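Chemist: What would the 3D arrangement of this be:
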Amino acid sequence: MDARLICGQDVRRSGIWPTDEARIEAFIQRHGGTLEAAPVGDAAIMLRWTSLDGPCKTATGITAREALRKLQAEMV
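Modeler: As a prediction, this is how the structure comes out:
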């Protein structure tokens, strides 16, 4: 059994990894505001960006990297 599986969940999907932290910091430096991460069930992660002016955008993905990619696509 893979030690990364806990209660049937792959823990690699449910958290923010150091490489994700670097991407998130770069996103915040570019766009400002705050970025919040939260698990969505046992299979996804949600990122919510709130600008300094108040608007909020949310993206969900299987990993934090995927969610951030979707959020960045919305910023264009």
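
Chemist: In contact with residue 71: list those residues for me.
Modeler: If you count contacts by Cβ atoms under 8 Å, 6 or more residues apart in numbering, residue 71 has them with 27, 47, 49, 57, 58, 59. (Glycine included, C-beta is placed from N, CA and C.)

Chemist: Poorly predicted segments of the protein, please.
Modeler: Within the chain, the stretches with pLDDT under 70 are 1-15.

Chemist: For the most centrally placed residue in it, which non-adjacent residue is spatially closest?
Modeler: Nearest to the mean C-alpha position of the chain, counting by Cα atoms, centre = their mean, stands residue 64 at 3.5 Å. Nearest residue to residue 64, sequence neighbours excluded (Cβ to Cβ, 6 or more residues apart in numbering): residue 20, at 4.2 Å.

Chemist: Now name the helix or strand holding the one you found.
Modeler: Element membership of residue 20, judged by DSSP states H and E, is helix 18-31.

Chemist: re the thing from before, show me the contacts for the residue nearest to residue 64.
Modeler: Neighbouring residues of residue 20 by Cβ under 8 Å, 6+ apart: 63, 64, 65, 68.
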